[in-house]
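**Q** could you work out the structure for the sequence below:
(chains A and B)
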Amino acid sequence: MLQPVTRCMRLLHTRPLNKPIPKPSPSLVSDSKMIQQCNTSITKYMRTGQCHSALRIFNNMTQRTSVSWNAMISGYLLNNKFDLARQMFDKMPQRDLVSWNVMITGCVRNGNLGAARNLFDQMPHRDAVSWNAMLSGYAQHGYVEEARMVFDRIPNKNSISWNGILAAYVQNGRIEDAQKLFESNSAWDVVSWNCLMGGYVRKKRLIDARCLFDRMPKRDEVSWNTMISGYAQNRELAEAHKLFDESPIKDVYTWTAMVSGYVQNGMVDEARRVFDEMPLKNSVSWNAMIAGYLQCKKIEVAKELFDAMPCKNVSSWNTMITGFAQSGSIDLARDLFEKMPWRDCISWGAIISGYAHLGNNEEALRLFVEMKRSGEKANRSIFSCILSTCAEITSLELGCQLHAQLVKVGLGSGWYVGNALLSMYCKCGNIDEANVIFEEISDKDIVSWNTIIAGYARHGFGKEALRVFESMKRSGVKPDEVTMVGVLSACSHSGLVDRGTHYFHTMNHDYGITTNSKHYTCMIDLLGRAGRLDDALNLMKNMPFEPDAATWGALLGASRIYGNTELAEKAAEMVFQMEPDNAGMYVLLSNLYAASGRWGDVGAMRLKMRDTGVKKVPGYSWVEVQSKIHVFSVGDGTHPDTVRIYGYLEELYFRLKEDGYISSPKLVLHDVEEEEKEHMLRYHSEKLAVAFGILNIQGGRPIRVFKNLRVGEVLLRCDFV
DNA sequence: ATCTCCAAAT
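**A** Below is the predicted model:
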């Protein structure tokens, strides 16, 4: 609206009023035509992603209008080159309304609402587009109230302003407000109807959506497509198909809605039939079809389609890589990953989580480093994946570095990454930092609470765990089954038998939690540790589940502690039946026999292990020194510092003996010669790791030693602080 | 005729 005025002003400036306006000379006419042609070319190049060619044209122009600059700015924004766009905007000599509006929109799309607001406040004149851009900016970032305030202040509201505020409500889930607004006015256009209808579809309120659809004064393609995909995505394929047949015009969206609807409902053959009938396919249609085949594990067909696809985009590659990775074909995934023409953070995330999922933590970490070197920024999902990798290999130092990176890029807040950080600190043995993180999560969800409770329990801080549990209840979060597993194991590890028993019996009544087998296992562990083996056994007999390996394992652990070999044998026998590959159980039972001097049974156990092909997982201990992990096994002689480590341990033993310490070979659980037993005691993997830690970690700093042997779900860990 | 704001499908 103000645009023509501004242009007149410019003319007034360049041509004095008292002289008649001269007719444009032929050269001037051709100049302005030239400029127009150049502007058109810039736009065309930008639309096809050829920023360099656009820039060359722009640089070669001897005269430019604001449209030339605007075309460059919006072109850069279209190609996600925000910084270049901003540079152009800052450099341009005379900004017009469109320049400001384009830049504001760019800031909003780049996630920088503050910059958008600054521009909005600075601009000399605003039109409806400026206001609408700000309104939509607030709406897109979840600031509904601010969006409403902008809307109320718009002096010359147009239909887009009205649709903007309607969309603000719909996008942020406030369908009732949207509905109220809609009813308060009658001058809505087809976009408004579509918008509200889309809101109902999102809320899965298909009946309300359909009601609007039927009442609409005018329908366009979007109306049909919204309604069709609403049905298709909510398992109402028959209704979707009916509407599809009725639809007067079908475009790519219409067809694709049907394809992805069938795919999402696992009807891949129907999807394929529609896909083959489509008169025109775009990359979304192809990708949906490929994802469908990957979903139902028809990997080969997916790959065939992918190879035949003419217009592969990053999503196509990402879909295939994710599919391969999730079906365990990590090498095929990697092959595609290496071949793809360009990658985004989804591609990196797909391959990294693929390796992490298979337990190849080293490769996951290596790729993460490579990603950062390539200049790609990690998103929340990648950070979360890598944090759990750190937890898996218990690399606290690496975890701390990630934490620092998260703070730097501003992704540290919020429960999503917060929970991953929390879990990392818990598993890496830094429960204090875990607590700091926990306190900092402003939008704690049930997982946050459960993680910190289980973390405290795991580290033996039962009372702390229960204190957190109480404050969880006070803050109005309802405990779930997982919470109670943490709470019961907290009681178990701290010997709080009565309290644990109380929770166990009241949790159904108090929190509506159905007792599951994990809870029973916790209780058996709790009673067993307290020496109440009979009660534990009774509980197991009366529980409404068949005891699983974990339950018997808990009983075995308890019997072992209290030297009840008979019960332990029975428990171990059950575990063998259920999990013939559970090497840990063979070792436990073998150790139990050894402890009671039943060497014949130990030998039989060994034979059984050999015959069933079970391999004992060797016990490892490791310690982290300056981001490097040093691993030790029993009597390890492979470490470069072996001589120093053994020398130090010898010296330590000499001093211990001088003080009257006698090591206790009886605790060694193998049938070996006395001398060798003593050797094993001295050079047990933890001791080697501790010695190395003492020799290499500065005094006053904690030495954290980790072990790989697991009993049930609990990672045994020694913290030497 | 070239530039900006609202609605639909991985």
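
**Q** okay, and the residue nearest to residue A:92 when sequence neighbours are not counted sits in which element?
**A** Distances taken as CB to CB, 6 or more residues apart in numbering place residue A:69 nearest to residue A:92, at 4.3 Å, with adjacent residues excluded. Bear in mind the C-beta positions are built from the backbone N, C-alpha and C, glycine included. Element membership for residue A:69, per DSSP states H and E: helix A:66-78.

**Q** for the residue nearest to residue A:49 when sequence neighbours are not counted, what are its contacts?
**A** The shortest distance from residue A:49 to any non-neighbouring residue, by CB to CB, 6+ apart, is to residue A:79 (5.9 Å). The contact partners of residue A:79, by CB atoms under 8 Å, 6 or more residues apart in numbering, come to A:46, A:49, A:51.

**Q** one more time with 10 Å, if that's ok
**A** For residue A:79, the contact set (CB atoms under 10 Å, 6 or more residues apart in numbering) comprises A:46, A:47, A:48, A:49, A:50, A:51, A:54, A:85.

**Q** likewise residue A:526?
**A** By CB under 10 Å, 6+ apart, the residues touching residue A:526 are A:488-497, A:499-501, A:504, A:532, A:535-536, A:539, A:554, A:558.

**Q** give me the secondary structure label for it.
**A** Under DSSP: H, G, I helix; E, B strand; the rest coil, the three-state class of residue A:526 is helix.

**Q** do you know how far it is from residue A:699?
**A** Distance, residue A:526 to residue A:699, by CB to CB, to the nearest Å: 39 Å.

**Q** what about residue A:621, which SS state?
**A** When classified by three-state DSSP, residue A:621 comes out as strand.

**Q** which residues touch the residue in the stretch 401-550 of chain A that DNA strand B sits nearest to?
**A** Residue nearest to DNA strand B within the stretch 401-550 of chain A: residue A:416 (20.1 Å; CB to the nearest atom of the strand). Contacts for residue A:416 (CB under 10 Å, 6+ apart) come out as A:380, A:381, A:383, A:384, A:441, A:443, A:445, A:447.

**Q** wait, isn't the third one in contact with residue A:368?
**A** Yes - applying CB atoms under 10 Å as the test, residue A:383 and residue A:368 come out as touching, 9.3 Å apart.

**Q** list residues touching both of these two?
**A** Common contact partners of residue A:383 and residue A:368 (CB under 10 Å, 6+ apart): A:349, A:402.

**Q** about what we covered before: tell me which of the contacts of residue A:526 fall in helices.
**A** Those of these mapping onto helices are A:488-493, A:497, A:499-501, A:504, A:535-536, A:539, A:554, A:558, per DSSP state H.

**Q** grab the nearest non-local neighbour of residue A:263.
**A** Distances taken as CB to CB, 6+ apart place residue A:292 nearest to residue A:263, at 3.5 Å, with adjacent residues excluded.

**Q** and the host helix or strand of that neighbour, anywhere near DNA strand B?
**A** Element membership of residue A:292 [criterion: DSSP H and E] is helix A:283-295. Yes - for helix A:283-295, a contact with DNA strand B is found by CB under 7 Å from any atom of the strand, at A:283, A:284, A:287, A:288, A:291.

**Q** pLDDT on the host helix or strand of residue A:133, on average?
**A** Take DSSP H and E as the rule and residue A:133 turns out to sit in helix A:128-140. The average pLDDT within helix A:128-140 is 94.

**Q** okay, that helix in CSV with CA atoms only?
**A** Output in CSV follows, covering the C-alpha atoms of helix A:128-140 (Å, rounded to 0.1, in the frame of the first residue of the first chain):
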residue,chain,number,x,y,z
ALA,A,128,-0.2,-5.5,6.6
VAL,A,129,2.4,-7.9,5.3
SER,A,130,4.9,-6.8,8.0
TRP,A,131,2.3,-7.2,10.7
ASN,A,132,1.2,-10.6,9.3
ALA,A,133,4.8,-11.8,9.2
MET,A,134,5.3,-11.0,12.9
LEU,A,135,2.0,-12.5,13.8
SER,A,136,2.9,-15.7,12.0
GLY,A,137,6.4,-15.6,13.5
TYR,A,138,5.1,-15.6,17.1
ALA,A,139,2.6,-18.3,16.2
GLN,A,140,5.2,-20.6,14.7
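
**Q** what packs against it?
**A** helix A:97-109, helix A:113-122, helix A:144-153, helix A:159-171 (3 or more CB pairs under 10 Å, 6 or more residues apart in numbering; DSSP states H and E).

**Q** wait, which of these is closest to residue A:373?
**A** Each of the helices and strands packed on helix A:128-140 has some distance to residue A:373 by CB to CB; the shortest is helix A:97-109, at 27.4 Å.

**Q** kindly format the C-alpha coordinates of the closest one as PDB.
**A** Written as PDB, here are the backbone C-alpha positions of helix A:97-109 (Å, rounded to 0.1, in the frame of the first residue of the first chain):
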ATOM      1  CA  LEU A  97       8.900  -2.200   2.300                       C
ATOM      2  CA  VAL A  98       9.400  -5.500   0.600                       C
ATOM      3  CA  SER A  99      13.100  -5.600   1.700                       C
ATOM      4  CA  TRP A 100      12.100  -5.300   5.300                       C
ATOM      5  CA  ASN A 101       9.200  -7.800   5.000                       C
ATOM      6  CA  VAL A 102      11.400 -10.300   3.300                       C
ATOM      7  CA  MET A 103      14.100 -10.000   5.900                       C
ATOM      8  CA  ILE A 104      11.600 -10.300   8.800                       C
ATOM      9  CA  THR A 105      10.200 -13.500   7.300                       C
ATOM     10  CA  GLY A 106      13.800 -14.800   6.900                       C
ATOM     11  CA  CYS A 107      14.600 -14.200  10.500                       C
ATOM     12  CA  VAL A 108      11.400 -15.900  11.600                       C
ATOM     13  CA  ARG A 109      12.200 -19.000   9.400                       C
END
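
**Q** what angle separates that helix from helix A:113-122?
**A** Using axes from the mean of the first three to the mean of the last three CA atoms, to 10 degrees, the inter-axis angle of helix A:97-109 relative to helix A:113-122 is 160 degrees.

**Q** what helices and strands are in contact with helix A:97-109?
**A** Helix A:97-109 packs on helix A:3-14, helix A:66-78, helix A:82-91, helix A:113-122, helix A:128-140, going by 3+ CB pairs under 10 Å, 6+ apart.
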